[in-house]
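A.B. asks: My questions are about this predicted structure, shown below with the sequence.
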Amino acid sequence: MAREEYVAYGALRLLRSAGLRVLYADGSNGDDEGALLLDGIGHVIAAHERRRIVARLKAGRDAKAERHGAKARAQGGKLPHGYRRTRNGLVEIDPDAAAEVRRIFELVRSGSTIRATAETMTAETGRLWARNVVDRIVRREVYKQTEPARIIDARVWNATQAALASRRRRAA
């Protein structure tokens with residue numbers, strides 16, 4: 001029902017106060033004292049198991065970082081455009097995608113709007129670029145950071161942010 005036992009108890013109390021009955025897939029749906037006790041124990045055990053899983057995942061991430069150093073990143077999740085994962089799980093720059101990221105920053109910094117930049121990128125690459133994707137790219141600080149690898153110089157990133165901010169001030 002919930003990741004934490006207190007949240008589960010609160011949800012159960014709210015549902016029961018509304019006159020609803022909670023039914024569990026495992027069939028432990030009794031309303032007597034024994035069933036309520038087992039229900040509570042089940043929530044506590046589920047919360048305990050969640051804490052164990054979180055600790056196991058953290059230990060795995062820490063072990064990976066220790067093996068591979070600062071360039072290691074937890075498995076899973078989508079990398080920002082411009083990066084790719086190597087066979088051994090490290091993150092590196094994808095040259096073609098990084099060139100697209102640089103082009104986006106160049107366009108926005110030189111005065112192109114987010115919408116116009118998306119249209120230009122669509123025309124230049126032959127792929128549809130949505131406004132929100134371009135907007136997300138120009139706002140991500142990861143592109144100027146040294147880890148996992150720098151795609152955009154920090155001065156270029158800052159100039160792009162300044163150009164965006166000045167347009168917002170003019171629009172207001």
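C.D. replies: Great, that's in hand.

A.B. asks: And the longest helix that the chain contains, what does it pack against?
C.D. replies: Among the segments of the chain that qualify as a helix by DSSP state H, the longest is helix 33-68. Under the contact criterion of 3 or more Cβ pairs under 8 Å, 6 or more residues apart in numbering; DSSP states H and E, helix 33-68 touches helix 5-17. In short, each C-beta sits where N, CA and C put it, glycine included.

A.B. asks: where's the helix it packs on relative to the chain centroid, distance-wise?
C.D. replies: 29 Å (Cα atoms, centre = their mean, to the nearest Å).

A.B. asks: Then stretch 119-130?
C.D. replies: 24 Å.

A.B. asks: Show the low-confidence segments of this protein, by residue range.
C.D. replies: Applying pLDDT under 70 to the chain flags residues 1, 68-76, 171-172.

A.B. asks: how does it look with 80?
C.D. replies: Applying pLDDT under 80 to the chain picks out residues 1-6, 24-32, 35-36, 39, 61, 64-77, 88-89, 167-172.

A.B. asks: center of it - which residue?
C.D. replies: Centroid-nearest residue in the chain, with Cα atoms, centre = their mean: G77, separated by 7.0 Å.

A.B. asks: domain ranges for this protein?
C.D. replies: 5-71, 83-171 (automatic domain parsing).

A.B. asks: ranking the ones you listed by burial, who's on top?
C.D. replies: Greatest average neighbour count among the domains of the chain goes to domain 83-171 (a mean of 15), per mean count of other Cβ atoms under 10 Å.

A.B. asks: sorry, back to before: which SS state does the residue nearest to the centre of the chain fall under?
C.D. replies: Judged by DSSP: H, G, I helix; E, B strand; the rest coil, the three-state class of G77 is coil.

A.B. asks: Name the strands paired with the helix or strand that the longest helix of the chain is followed by and say parallel or antiparallel.
C.D. replies: Sequence-wise, the next helix or strand downstream of helix 33-68 (DSSP states H and E) is strand 83-85. In the sheet containing strand 83-85, its partner strands are strand 91-93 (antiparallel), by DSSP bridges.
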